[in-house]
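In: Make a model of this:
(chains A and B)
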2 protein chains.
Amino acid sequence: MKSREIHLRKRPAGIPTEDNFALVTVDLPALQDGEVLVQNLWMSVDPYMRGRMDDIESYIPPFQLGEALDGDAVGRVIESKHSDYQVGDRVHHLKGWREYAICCGDGLDEVMHKPELTKIDTTAIPASAYLGVIGMPGRTAYAGLEYVAKILPGETVYISGAAGAVGSAASQIAKLKGCRVVGSAGSNEKVDWLLNELGIDAAINYKTVDNIELAIAEACPHGIDVYFENVGGPQMDAVLNVMNDFGRIALCGLISDYNTMESAVGPKNFAQILTKSLMVKGFIVTEFDARAGEYEKQMAQWIAEGKIKWRETVLNGIESAPQALIGLFKGTNCGKMLVKFSEET
Amino acid sequence: MKSREIHLRKRPAGIPTEDNFALVTVDLPALQDGEVLVQNLWMSVDPYMRGRMDDIESYIPPFQLGEALDGDAVGRVIESKHSDYQVGDRVHHLKGWREYAICCGDGLDEVMHKPELTKIDTTAIPASAYLGVIGMPGRTAYAGLEYVAKILPGETVYISGAAGAVGSAASQIAKLKGCRVVGSAGSNEKVDWLLNELGIDAAINYKTVDNIELAIAEACPHGIDVYFENVGGPQMDAVLNVMNDFGRIALCGLISDYNTMESAVGPKNFAQILTKSLMVKGFIVTEFDARAGEYEKQMAQWIAEGKIKWRETVLNGIESAPQALIGLFKGTNCGKMLVKFSEET
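Out: Numbering: from 1, shown residues only, chains lettered A, B, ... in the order given. As a prediction, the model looks like this:
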């Protein structure tokens, strides 16, 4: 059986381009006992994948040249040699970037240190949401707010990249927890969505605003207690100037720096971390995997109650996967960026 | 009665110079009921005072032009109109930078939000130590290690500015708590003191070492779990590269930046806070004032057991106070920098 998959052809300099990737057709081997063949329906592209394209050891190993990339995906079982999985089951796994994946029913993913394969229930929640609000991005948002920053009702929470997959989940979770929420995004369309559909208290188009610090200060008349940081760069300087004493910063991402070829520079006013007694905690969602059940239960309830909305930017077909990833760094997504492989859901 | 005191004559640009200060003789008013007249024996100069010389609102208000500076001091009561204080009592208070201070026996210091006057027991501990190991610098070291970084036995703790008042207390506390301690300092004499008298595990002269990052990595073969930061600047970049995942940084001071006229720059590799899931917490010791008793009891016991050493760099006379403060930024002190006003103790 043939499958098409995306390989890393060469490592990028700066923002990835199409020629960093190769679309390769491979022959799948026959299933072994304990294995399950999954037809992928959706795959996720996420900002952290950019780091794995560089040949640098980090919290997660780099992608290998000439091999398929990987990442979160959902699909349906089309053949099974494991008694727990039946043809037609919907599953989540970590072998994205390919049309068909062979997963080990009892296996642990070597990179993510979690089960290779998990059944998902798509009766009330669509499969694609397992790559978004109820999946890794949503868990990341929840962990950053609840376990890292420990938000309290009435606090002002500033969220950069608020229209992204993590940011839009964080925006709504913070609202549901009783916070005043101010977000930033890179287009008026995103700002409108944040204000008028997600219902946050204020939103800033950081690309067009005259004075970002003034805009933030005006949107946060009582200062900022919690900063959920997805972006980095000059916006961080502006936010630090508006932080309240004893504020907390959940450092989730620095997407504005991921493609920087020149040496990145830390916040110019780093000293405010000292003078304002701020707490900055970098985190990777896997740190909180043991508490994922708590999140999933809460989020399923919020979804059932209609309290959480989400939006997807969808590109079609495995061949569009590189463009989907590249789009993250150009801000072409509103909400979760996904690649769709099939009309089935 | 006459007293001499040091006024702020003009605000500094960069490292303070003598002409930022003025030695002024004033007439003291007669004591009012409830007041106590203290002859200062010792006064403290501390790095945070540099920030107060600028006209910038921070966690502590700026010194005012044409007025006396203030800060920690110890002295003896020479006249009292408060029943709790008798002539001869040794006291700690917050009106340094002058030979005689009128303190309110029941008063709260407006700047520090703590009692203006506290009796000290000099039977077992010399008065000057109340400005050092058992005073604010020692409390700062303890708070940073115990309450901010939460050190654990067996961890590697890296302390910058390890031969300063805070750093030398932190070095010994971390050793007493069972950590492997590596410190940096700016002279071979300081390095010798750290290694051979304070007994830390490794020490680095950051001014003469060829490659600071290599030196730190060699001194910390298991990486750095806790970074007690007093200094900032390029050393922070080097330390971040050697930090272990989930490491904690107690951000106590950034003395290398306090006199920077150009815009300071944060750590170039700030992103390691994210990728290594580090926690950085800025702190001011007053945050932990409620737990000061716990520290003082522990430190008094360690001193009684001979487990804590300290060193003082002493300048004599009120007229030397500006030079004492300036010396902190040139590294002329080993251990606590003090100004001595009298042969009495």
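In: Could you use CA atoms for every contact and neighbour count after this?
Out: OK.
In: what does chain A have sitting close to chain B?
Out: Residues of chain A found near chain B (CA under 8 Å from any CA of the partner chain) are A:58-59, A:251-254, A:263-271, A:273-284.
In: Residue A:48 - how many residues pack around it?
Out: Residues lying near residue A:48 (other CA atoms under 10 Å in any protein chain shown) number 16.
In: I misspoke; the intended subject was residue A:88.
Out: Neighbours of residue A:88 (other CA under 10 Å): 14.
In: Roughly how far does it sit from residue A:78?
Out: 6 Å (CA to CA, to the nearest Å).
In: And for residue A:198?
Out: Residue A:198 is 37 Å from residue A:78, where distance means CA to CA.
In: Tell me which of the two has more neighbours.
Out: A direct count of neighbours by other CA under 10 Å for residue A:198 and residue A:78 places residue A:198 higher, at 20 against 17.
In: ok, and for stretch A:122-129, which residues are buried?
Out: For stretch A:122-129, a neighbour-count test (16 or more other CA atoms under 10 Å in any protein chain shown) marks A:127, A:128, A:129 as buried.
In: what do you get for stretch A:57-67?
Out: A:59, A:61, A:62, A:63, A:64, A:65.
In: And stretch A:88-106, what's buried?
Out: Of the residues in stretch A:88-106, A:89-105 count as buried by neighbour count, 16+ other CA under 10 Å.
In: Just list whatever residues bridge to residue A:37.
Out: Taking DSSP bridges as the rule, residue A:37 bridges to residue A:79, residue A:102.
In: What residues sit buried inside the helix or strand hosting residue A:300?
Out: Using DSSP states H and E, residue A:300 falls within helix A:292-304. Along helix A:292-304, these residues count as buried under the neighbour rule (16+ other CA under 10 Å): A:292, A:295, A:296, A:299, A:300, A:303.
In: before we move on, what SS does the residue positioned nearest the centre of chain A have?
Out: For chain A, the residue nearest the mean C-alpha position is residue A:137 (3.9 Å; CA atoms, centre = their mean). Here residue A:137 takes the helix state, with states given by DSSP: H, G, I helix; E, B strand; the rest coil.
In: how about the nearest residue to it, chain neighbours excluded?
Out: Counting by CA to CA, 6 or more residues apart in numbering or on different chains, residue A:137 lies nearest to residue A:166, which is 4.7 Å off, once chain neighbours are set aside.
In: Past the helix or strand that the one you found is a member of, which element shows up next along the chain?
Out: Secondary structure assignment for residue A:166, by DSSP H and E: helix A:165-176. Reading on from helix A:165-176 to the C-terminus, the next helix or strand found by DSSP H and E is strand A:180-185.
In: Between helix A:165-176 and that following strand, find me the angle.
Out: Here strand A:180-185 runs at an angle of 160 degrees relative to helix A:165-176 (axes from the mean of the first three to the mean of the last three CA atoms, to 10 degrees).
In: returning to that earlier point: what is the helix holding residue A:300 packed up against?
Out: Contacts defined by 3 or more CA pairs under 8 Å, 6 or more residues apart in numbering or on different chains; DSSP states H and E place helix A:292-304 against helix A:136-142.
In: all helices of chain A, in order?
Out: With DSSP state H, the ranges of helices along chain A come out as A:49-53, A:136-142, A:165-176, A:188-192, A:212-219, A:234-242, A:271-275, A:292-304, A:321-330.
In: Report the backbone C-alpha coordinates of the second one in PDB.
Out: Taking C-alpha atoms only, helix A:136-142 is exported to PDB below (Å, rounded to 0.1, in the frame of the first residue of the first chain):
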ATOM      1  CA  MET A 136      -2.500  20.000  22.800                       C
ATOM      2  CA  PRO A 137      -3.100  23.800  22.100                       C
ATOM      3  CA  GLY A 138      -6.100  23.900  24.500                       C
ATOM      4  CA  ARG A 139      -4.200  22.000  27.200                       C
ATOM      5  CA  THR A 140      -1.300  24.300  26.800                       C
ATOM      6  CA  ALA A 141      -3.600  27.300  27.300                       C
ATOM      7  CA  TYR A 142      -5.200  25.800  30.400                       C
END
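In: picking up where we left off before, could the buried residues of stretch A:57-67 go into a markdown table alongside distance to residue B:215 and pLDDT?
Out: Putting the buried residues of stretch A:57-67 into a markdown table (distance: CA to CA, whole Å; pLDDT from 0 to 100) gives the following:
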| residue | distance to residue B:215 | pLDDT |
| --- | --- | --- |
| A:59 | 24 | 86 |
| A:61 | 27 | 92 |
| A:62 | 28 | 95 |
| A:63 | 31 | 97 |
| A:64 | 32 | 97 |
| A:65 | 34 | 97 |
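In: now, which of the residues you listed lie within strands?
Out: Among the buried residues of stretch A:57-67, none falls in strands (DSSP state E).
In: out of the residues you listed, which one sits closest to residue B:27?
Out: Of all the buried residues of stretch A:57-67, residue B:27 sits closest to residue A:59, with 65.2 Å by CA to CA.
In: my guess is that closest one meets residue B:272, correct?
Out: No - assessed by CA atoms under 8 Å, residue A:59 is found out of contact with residue B:272, at 10.2 Å.
In: Mind listing residues that contact stretch A:3-17?
Out: Applying CA atoms under 8 Å, 6 or more residues apart in numbering or on different chains, the contact partners of stretch A:3-17 are A:19-28, A:50, A:53-55, A:63-69, A:97-100, A:258-261, A:318-319, A:321-322, A:326, A:329.
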